[in-house]
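In: I would like the atomic coordinates for the input below:
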Amino acid sequence: MNKHDPGGPEARLRYGDNEVTILRQGLFVRCAVSGQRIPLEELRYWSVDLQEAYRGPSEAGQRLSETRRAKP
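Out: Numbering: from 1, shown residues only. Here you go, the predicted model:
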């Protein structure tokens, strides 16, 4: 199985400031904005506060904008 294989388990991670901790082994996580699969070796963007992953900088920026608008 490789990163282009649609099968395989989804990982569960804890997102820290400069690292992630694997809670359940898997091949990918899902982007919290788009729902796209992110192979673990390509994961670069996440939120420590929201504990979620993002496909890239545009998705991370979109979520940041959403959370800033939602705060009173």
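
In: Give the bridge partners for the residue most central in space within the chain, please.
Out: What sits nearest the mean C-alpha location of the chain, by Cα atoms, centre = their mean, is residue 53, with 1.7 Å. Beta-bridge pairing for residue 53 (DSSP bridges): residue 31, residue 46.

In: mind checking the SS state of residue 22?
Out: Secondary structure for residue 22, judged by DSSP: H, G, I helix; E, B strand; the rest coil, is strand.

In: Offset the numbering so it begins at 21, please.
Out: Sure thing, new numbering starts at 21, so read that last one as residue 42.

In: Show me what the helix or strand of the chain with the lowest mean pLDDT is packed against.
Out: Lowest by mean pLDDT, DSSP states H and E among the helices and strands of the chain is helix 77-90, with a mean of 91. Secondary-structure packing of helix 77-90 (3 or more Cβ pairs under 8 Å, 6 or more residues apart in numbering; DSSP states H and E): strand 65-67, strand 72-74. Where you see a C-beta, it was placed from the backbone N, CA and C, and this is true even at glycine.

In: Most tightly packed of the ones you listed?
Out: With neighbours taken as mean count of other Cβ atoms under 10 Å, the helices and strands packed on helix 77-90 reach their highest mean count in strand 72-74, at a mean of 23.

In: hmm, who's touching that strand?
Out: With contact meaning Cβ atoms under 8 Å, 6 or more residues apart in numbering, strand 72-74 is reached by 33, 35, 49-53, 58, 63, 65-67, 80, 83.

In: Now do the end-to-end distance for stretch 56-72.
Out: End-to-end distance of stretch 56-72 (Cα to Cα, to the nearest Å): 13 Å.

In: Averaged pLDDT, it. What do you get?
Out: Across stretch 56-72, pLDDT averages out at 97.

In: same deal with stretch 42-49?
Out: 97.
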